[in-house]
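Asks: just need the structure, nothing else, for what follows:
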Amino acid sequence: MASPAPEEQPKREAQTTSQEDLLVPLEVYKRAGVFLGTHICTKHMEKFIYKVRPDGLYILNVRKIDERLRIATKFLAGYDPEKIAVIALRQYAHKPARMMCERVGCKAITGRVIPGIFTNPRLEWYMEPDVVLVTDPRAESQALKEASKVGVPIVALADTDNRLNFIDLVIPANNRGRKSLALLYWLLTREILRARGVLGPTEDPDVPWEQYIVRPSRT
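Replies: A predicted model of the protein is given here:
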């Protein structure tokens, strides 16, 4: 199957310096490093870039991150939570993805994706999600390709070095950092539950976002 063209996006906007209308204060986004990209930027992700630092690190536009989180959570909230598959293979994504799914009711797949999980009904671990959320399109390419093959919509967190083939809705963000992944999954949790009426418009989940962080192992 040929890869669909990445979705069109509006032209680049200036980085916001105001906390107005953001899901969390700008300082929280900064503390979590959500808009810190990599030293590589694909053509697909150029539209989400705010600037390039002198050291060559690409910085994502926080306003676009915030905007896409809103769009994605409203989209995901429209599905039966039991039919949402969250793929989180990166170590720092395991805990926040599981914590989100415990509260939202979705299915977290961590560690590895077994081939055929979305395409082979004869397998014991086969599942038929209505939508898939991937943490890293590169690391989780197996799930990405299988979901695309069976026509399941795909939402993805994507860093500056990711490609957007097969992805229907992208959330530009740092998808590698411990704090960034914690805040992103906490916000996904909160906004989905708010959209469903489980939480009130100003209510937060039962734990702060910092508790979604994977703590470094001690040796």
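
Asks: quick check: closest non-adjacent residue to D161.
Replies: If the residues on either side of it in the chain are set aside, D161 comes closest to I40, at 4.0 Å by CB to CB, 6 or more residues apart in numbering. In short, each C-beta sits where N, CA and C put it, glycine included.

Asks: host element of L144?
Replies: Using DSSP states H and E, L144 sits within helix 141-149.

Asks: I'd like to know which elements that helix is packed against.
Replies: Contact here means 3 or more CB pairs under 8 Å, 6 or more residues apart in numbering; DSSP states H and E; on that basis helix 141-149 packs against strand 84-88, strand 131-134, strand 154-158.

Asks: try it again at 7 Å.
Replies: Applying 3 or more CB pairs under 7 Å, 6 or more residues apart in numbering; DSSP states H and E, one finds that helix 141-149 contacts strand 131-134, strand 154-158.

Asks: quick one: residues contacting the residue most central in space within the chain.
Replies: Nearest to the mean C-alpha position of the chain, by CA atoms, centre = their mean, lies L157 at 3.2 Å. Contact analysis of L157 by CB atoms under 7 Å, 6 or more residues apart in numbering lists 135-136, 171, 173, 175, 184.

Asks: how near is it to H94?
Replies: L157 sits 14 Å away from H94, going by CB to CB, to the nearest Å.

Asks: can you pull out the helices in this structure?
Replies: Secondary structure of the chain (DSSP state H): helices located at 26-32, 62-77, 91-104, 141-149, 178-195.

Asks: and the angle for the longest one with helix 62-77?
Replies: Regarding helix 178-195 and helix 62-77, their directions subtend 50 degrees when assessed with axes from the mean of the first three to the mean of the last three CA atoms, to 10 degrees.

Asks: then the fourth one?
Replies: For helix 141-149 and helix 62-77, the angle between their directions (the same axes, to 10 degrees) works out to 60 degrees.

Asks: can you lay out the helices and strands packed on helix 141-149 as JSON lines showing distance to I87 and mean pLDDT?
Replies: Formatted as JSON lines, the helices and strands packed on helix 141-149 follow (distance: least, CB to CB, whole Å; pLDDT from 0 to 100):
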{"stretch": "strand 131-134", "distance to I87": "5", "mean pLDDT": "98"}
{"stretch": "strand 154-158", "distance to I87": "9", "mean pLDDT": "98"}
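
Asks: ranking the ones you listed by burial, who's on top?
Replies: Ranked by mean neighbour count, the helices and strands packed on helix 141-149 are led by strand 131-134 with a mean of 26 (mean count of other CB atoms under 10 Å).

Asks: partners of that one in the sheet?
Replies: strand 84-88 (parallel), strand 154-158 (parallel) (DSSP bridges).
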